[in-house]
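Asks: Could you look at this predicted model? Sequence included:
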Amino acid sequence: MYNASELKVWKKFLMDNDPYEVTAYSQKVVGRGGSIINIKCKNLISGGTIPKTFSDKDNFPPADIATHTYDYLYNDGETYYFMNRESYEQVELSKATLDGAELFLNDWDKVMLQEFNGIPINVNLDASCELEVTETPPGEKWDTATGWKKPATMTTWLVIQVPLFINVWDILKIDTRTKEYLWRA
């Protein structure tokens, strides 16, 4: 059991039979009355983030979250299919569950799926990924009004701002947390 004061950032715990992950933590010490813990936590099944306040006397069980390696196979627009690399079992996750992570998935990418009680609930992405540019306007040599950036559409329909020298078919390294261009691969 976790005491509420142990619910630091990235800690996973159960609340109302759902797994949550702490995204922000603060603690206020109140004289003789103990302390008040304020957290923001993300529901790992629905993806929603909620603020919660606890006393230092509240306890929570740890969430049984396991991470396994899967291969991303394909999608049909709303459902994304993955294959377990050890058992060759296929699982599926909805587009809503992926919550934007689908914009960084290429066929046969190796991904880490989080499982709660043996059921896949979420995708852990690497900090960066490589995607190919499928569409971008030509950069004008002296176009400085846009801050030397132009939009580029990737193979996964992700649209990001890139420098003017990027062309169609270039492979780019992209930060998956901020959706920003890092460099040309």
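Replies: Looks like it came in fine.
Asks: so who does the residue nearest to N84 when sequence neighbours are not counted touch?
Replies: Of all residues not flanking N84 in the chain, Y70 sits nearest, at 5.7 Å (C-beta to C-beta, 6 or more residues apart in numbering). In short, each C-beta sits where N, CA and C put it, glycine included. By C-beta atoms under 8 Å, 6 or more residues apart in numbering, Y70 lies in contact with F82, M83, N84, R85, V91, K110, V111, M112, L113, P120.
Asks: Mind listing residues that contact the helix or strand harbouring the last one?
Replies: Read that as P120. Using DSSP states H and E, P120 maps to strand 119-124. When contacts are defined by C-beta under 8 Å, 6+ apart, strand 119-124 is touched by residues 19, 44-45, 67, 70, 82, 91, 93, 97-98, 101, 105, 111-115.
Asks: Give me the sheet partners of it and which way each runs.
Replies: strand 110-116 (antiparallel) (DSSP bridges).
Asks: Buried ones in the strand it pairs with, by neighbour count?
Replies: Within strand 110-116, the residues scored as buried using 16 or more other C-beta atoms under 10 Å are V111, L113, Q114, E115, F116.
Asks: And stretch 43-51, by the same measure?
Replies: N43, L44.
Asks: Then stretch 114-133?
Replies: Neighbour-count burial for stretch 114-133 [16+ other C-beta under 10 Å]: Q114, E115, F116, P120, I121, N122, V123, L125, S128, C129, L131, V133.
Asks: residues in contact with the least confident helix or strand in the chain by mean pLDDT?
Replies: In the chain, no helix or strand scores lower on mean pLDDT, DSSP states H and E than helix 95-98, which sits at a mean of 79. The contact list for helix 95-98, computed with C-beta under 8 Å, 6+ apart, reads G47, N75, G77, E78, T79, Y80, E102, I121, N122, V123.
Asks: Tell me the one among those nearest to A185.
Replies: Checking the contacts of helix 95-98 against A185 with C-beta to C-beta, the nearest one is E102 at 20.6 Å.
Asks: can you tell me how far the closest residue to D64 other than its chain neighbours sits from S26?
Replies: The shortest distance from D64 to any non-neighbouring residue, by C-beta to C-beta, 6+ apart, is to N117 (6.1 Å). Per C-beta to C-beta, to the nearest Å, N117 is found 30 Å from S26.
Asks: Just the C-alpha atoms of stretch 164-183, please, in CSV.
Replies: Output in CSV follows, covering the C-alpha atoms of stretch 164-183 (Å, rounded to 0.1, in the frame of the first residue of the first chain):
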residue,chain,number,x,y,z
LEU,A,164,12.7,25.6,-45.3
PHE,A,165,15.4,23.1,-46.6
ILE,A,166,13.2,20.0,-45.9
ASN,A,167,11.9,18.3,-49.0
VAL,A,168,9.4,15.5,-49.8
TRP,A,169,10.8,12.0,-49.1
ASP,A,170,13.2,13.3,-46.4
ILE,A,171,13.3,11.2,-43.2
LEU,A,172,12.9,13.4,-40.1
LYS,A,173,13.6,12.7,-36.4
ILE,A,174,10.6,14.0,-34.4
ASP,A,175,10.2,14.5,-30.7
THR,A,176,7.1,12.4,-29.7
ARG,A,177,6.4,14.4,-26.6
THR,A,178,6.3,17.9,-28.2
LYS,A,179,5.6,17.0,-31.8
GLU,A,180,8.6,19.1,-32.9
TYR,A,181,11.2,18.6,-35.6
LEU,A,182,14.6,17.6,-34.2
TRP,A,183,16.8,16.9,-37.3
